[in-house]
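Novice: Model the structure of this input:
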Amino acid sequence: MRAAIIAVSLLLLVGIGVFFVGGASPAIIVAPEKVFHWPVIGGVTNTMFTSWFVVIFLVVLAFSVGRRLSLVPSGFSGAVEAAVEAFYNIVVQVAGEKNGRRFFPLAATIFFFILTSNYFGLLPINNVIGLTEVNPGFADKHVAMSQSEIPIVGLNVAYIPTTPDSVDLAAGEKAYIEYNGEREYKTPKDDHSNTAPVKEASHSHEGETITGFNGLIAPYFRSVMTDVNAPLAIAIFSFLFVEFWGLQTLGVSYLSKFFSFGKLLKGDILGGIIDVFVGLLEFVSELSRMVSFTFRLFGNIFAGEVLLLMMTFLVPFVLVDVFYALELFVGLIQAFVFAMLTLVFAVTAVSHHGDEAH
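Specialist: Residues are numbered from 1 along each chain as shown. Sure thing, here's the model as predicted:
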């Protein structure tokens, strides 16, 4: 009986979500949107803006927990300390005590920044509140638009509307697009393609206006790693630190795995050519790490964001919770994989050739 009640309740929630809570169709845009323009910095994208909040959160968390360290940790600070210690133990197990202390700051920074960014991207404030944008493609289809904004502290903030209604424009009638006080009139063609989806719309004959909301929203907050520049920047830092540690530990001999001309200088032509070719492959492999790091993280997080947006639009409430749980797992795994691969490559870079063979 209890199982039947739960099943009926779940189906009821799915039905309410599908028929009564369906929002506007999500727009899948790969590039981050510019939401601010400051004189010194220039254009600020939503992923950049979100990353600042992530950094501020981590800095405040570090200072707060650092001031409450004790021999017997407890509460929230104890949980954070336990997480950092657990990750440190993993690093030491992989790299050893000496190199573990050396590599831990970079590996931990990468892990906790990516993890926090991924989890911050799952908060309900993402992809919901932002600035309105006029879509030229809508204008070509004679869609009437106007701002649907709420002034908050002197800033016009848009919101995602509920399921829009539709309104038909007869031939000869005019609609206009109004954006930032400027109007552009559009006259529909004499065909049957003049249905304009408008929320709370009203229309009249030529010379009068059509109002409503139909446009795009550039959200203020968006998951940081959905911007390919973010994982690329982390991948470049990872690459530079690995090469620096290799040169610092092995000196100039570290470059011999890329540029091996010893056999050529000794007159062994065939062996020398093979060594040069292997070194070239090693060099290309070293550079390709940045590409694989970048697109592995970007692809997984961006795909997860699209999945959540579509599931929220199609089947709100029940089914979307399953995918949220999946994204919690994916966000953790991607952060761990990125940090661990960086650690493994660093260990390989500081190892002597004999150690590598072993």
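
Novice: how about the helices in the stretch 151-300 of the chain?
Specialist: Secondary structure of the stretch 151-300 of the chain (DSSP state H, counting those that start in this stretch): helices at 229-250, 262-265, 269-314.

Novice: lowest average confidence, helix or strand, in the chain?
Specialist: Across the helices and strands of the chain, mean confidence by mean pLDDT, DSSP states H and E is lowest for strand 195-198: a mean of 38.

Novice: Can you tell me what sits against stretch 85-102?
Specialist: Phe103, Phe104, Ala107, Ala108, Phe111, Trp245, Met340, Leu343, Val344, Ala346, Val347, Val350 (C-beta atoms under 8 Å, 6 or more residues apart in numbering). Any C-beta I mention is one placed from the backbone N, CA and C, and that applies to glycine too.

Novice: Please repeat the previous calculation with a cut-off of 6 Å.
Specialist: Phe103, Phe104, Ala107, Ala108, Leu343, Val347 (C-beta atoms under 6 Å, 6 or more residues apart in numbering).

Novice: cool, stretch 108-119 as well?
Specialist: With C-beta under 6 Å, 6+ apart, stretch 108-119 has contacts from Val54, Phe87, Val224, Met225, Gly331, Ala335, Phe338, Ala339.

Novice: Repeat that for stretch 61-77.
Specialist: Val80, Glu81.

Novice: What would it look like as CSV? C-alpha coordinates only.
Specialist: Only the C-alpha atoms of stretch 61-77 are listed here, as CSV (Å, rounded to 0.1, in the frame of the first residue of the first chain):
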residue,chain,number,x,y,z
LEU,A,61,36.5,29.3,4.2
ALA,A,62,40.3,28.9,4.5
PHE,A,63,40.6,31.9,6.9
SER,A,64,37.6,30.8,8.9
VAL,A,65,38.8,27.2,9.3
GLY,A,66,42.4,28.2,9.8
ARG,A,67,41.5,30.4,12.8
ARG,A,68,39.6,27.5,14.5
LEU,A,69,42.2,24.7,14.2
SER,A,70,42.6,22.6,17.3
LEU,A,71,44.1,19.3,18.4
VAL,A,72,40.6,17.8,18.5
PRO,A,73,38.8,19.1,15.4
SER,A,74,35.0,19.2,15.5
GLY,A,75,32.0,20.7,13.7
PHE,A,76,32.3,22.2,10.2
SER,A,77,36.0,23.1,10.6
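
Novice: Could you work out the most separated pair of the contacts of stretch 85-102?
Specialist: Within these, Ala108 and Val347 form the most distant pair, 15.5 Å apart (C-beta to C-beta).

Novice: who has more neighbours, those two?
Specialist: Val347 (20 against 17; other C-beta atoms under 10 Å).

Novice: before we move on, the earlier item: in a markdown table, list the contacts of stretch 85-102 along with secondary structure.
Specialist: Shown next, in a markdown table, are these (DSSP: H, G, I helix; E, B strand; the rest coil):
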| residue | secondary structure |
| --- | --- |
| Phe103 | helix |
| Phe104 | helix |
| Ala107 | helix |
| Ala108 | helix |
| Leu343 | helix |
| Val347 | helix |
